[in-house]
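Asks: Any chance you can model this:
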Amino acid sequence: MYRVRKEVDLPFEKLSNFRDIGGLKTEDGRNMKTGMLYRSDDISRITEHDLERLIEYKIKVICDLRTPNEHQSKHSHILSHGQFRVFNIPLHLQETGASKRQWFNFFFGKSGDEHFKKFSRAYYHHMAVESTFQIKEIITLVSREENLPALIHCTAGKDRTGYISAVIQLLAGVPYESVVQDYLLTNEYYKSRLESVIKMMRWMTLFQVTPERMKLILMANREYLDEVYRGLMETYGSIELYLNKACGIELCTLRKCKELLLE
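Replies: Numbering: from 1, shown residues only. Down below sits the predicted model:
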């Protein structure tokens, strides 16, 4: 049964989407360990208070999925003190993201919602099919006991982090529907912040953008994960074979990763 986690044990001042990806039951009745892998939104703005909280989680490695430009422009000075080893493994290069003109169209265009859905489907497809070398790097990184506990993050902790977290949970044997519910918890974590952002943006855009359009763009949507998952299952039959055949990860590494994450 899926266990909902809506509260963070140690609250943060600048992180809204931090959580443990463990604590879920697998199809064979085992449990994903807690305290091994965490996911988060952008940590570049963390305070000294937040840093103390991260240290309490005993995190050793931080895996940053943002583009090189994002990594350089929003770099945390606090993290420069050497408490953690930081690896920048971008799932997308700058050109695969949306341009300012595209974002304007997503929000204000007559068919902006459909354009955003099309962009998002391509965005997820690129992660799954074109970023296989990066996925290999990430899985190899977290399959080493000396690197755990580890934190995986991007900007919002929604899409890039959501996809990688889902792949890892599926590798551990968590049923897909439980993985989806965990993926959608981003919307619970961002709920109060999202309401504030929507209210502010409604005023800033002179009420030209509907709340529904904003939610479509800002919230996690299972449609994109579902589509990618179906494609991978049709092609490979299992996440393990996808990681082995498409991403080039040795089966012994996958087994090691899985055993490290299960109790």
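
Asks: got a list of what Phe107 touches?
Replies: By C-beta atoms under 8 Å, 6 or more residues apart in numbering, the residues touching Phe107 are 205, 209, 213-214, 217. All C-beta atoms are positioned from the backbone trio N, CA, C, and that covers glycine.

Asks: in which helix or strand would I find it?
Replies: Assessed by DSSP states H and E, Phe107 sits inside helix 100-108.

Asks: which is the next helix or strand following that helix?
Replies: Counting by DSSP H and E, the next helix or strand C-terminal to helix 100-108 is helix 112-125.

Asks: Report the distance from the helix or strand just after that following helix to the chain centre.
Replies: Downstream of helix 112-125, the first helix or strand assigned by DSSP H and E is helix 132-142. Its chain's C-alpha centre and that of helix 132-142 lie 14 Å apart, by C-alpha atoms, centre = their mean, to the nearest Å.

Asks: same deal with stretch 79-91?
Replies: Stretch 79-91 has its C-alpha centroid displaced from the chain centroid by 16 Å (C-alpha atoms, centre = their mean).

Asks: tally of neighbours for the nearest residue to Tyr183 once chain neighbours are set aside?
Replies: Take Tyr183 and drop its neighbours on the chain: the residue closest to it by C-beta to C-beta, 6 or more residues apart in numbering is Gly162, 5.1 Å away. Residues lying near Gly162 (other C-beta atoms under 10 Å) number 28.

Asks: Okay, Gly162 and Met127: tell me how far apart.
Replies: Counting by C-beta to C-beta, to the nearest Å, the separation of Gly162 from Met127 is 10 Å.

Asks: ditto for Lys199
Replies: Where Met127 is concerned, Lys199 sits at a distance of 31 Å (C-beta to C-beta).

Asks: Neighbour count: these two, which is higher?
Replies: Between Lys199 and Met127, counted using other C-beta under 10 Å, the more crowded position is Met127 (24 against 12).

Asks: Surely that one is in contact with Pro90?
Replies: No. Judged on C-beta atoms under 8 Å, Met127 makes no contact with Pro90 at a distance of 10.6 Å.

Asks: if we can go back for a sec, for the helix holding Phe107, the averaged confidence score.
Replies: Averaging pLDDT along helix 100-108 yields 80.

Asks: Buried ones in that helix, by neighbour count?
Replies: 105-107 (16 or more other C-beta atoms under 10 Å).

Asks: can you check stretch 236-243 too?
Replies: 239-240, 242-243.

Asks: so which strand or helix has the residue of the chain most remote from its centre?
Replies: Distance from the C-alpha centroid of the chain peaks at Leu206, with 32.0 Å (C-alpha atoms, centre = their mean). In the assignment (DSSP H and E), Leu206 maps to no helix and no strand.

Asks: what do you get for Cys63?
Replies: strand 61-64.

Asks: Okay, and the beta partners of Leu151?
Replies: Leu151 has the following beta-bridge partners by DSSP bridges: Tyr38, Ile62.

Asks: Find me the pLDDT at it, would you?
Replies: Looking at Leu151, its pLDDT reads 97.

Asks: quick one: contacts for it?
Replies: Contacts for Leu151 were tallied using C-beta under 8 Å, 6+ apart; they are 37-40, 43, 54, 57, 59, 61-63, 84.

Asks: returning to what we had before: for the residue nearest to Tyr183, give me its contacts.
Replies: By C-beta under 8 Å, 6+ apart, Gly162 lies in contact with 39, 183, 186, 220, 225.

Asks: so what's the residue most central in space within the chain up against?
Replies: Residue closest to the mean C-alpha point of the chain, counted by C-alpha atoms, centre = their mean, is Thr161 at 1.3 Å. By C-beta under 8 Å, 6+ apart, the contact list for Thr161 reads 39-41, 65, 152-154.

Asks: what do you get if the cut-off is 6 Å, keeping everything else the same?
Replies: Counting by C-beta atoms under 6 Å, 6 or more residues apart in numbering, Thr161 makes contact with 39, 152-154.

Asks: Please, which helix or strand holds it?
Replies: Assigned by DSSP H and E, Thr161 falls within helix 160-172.
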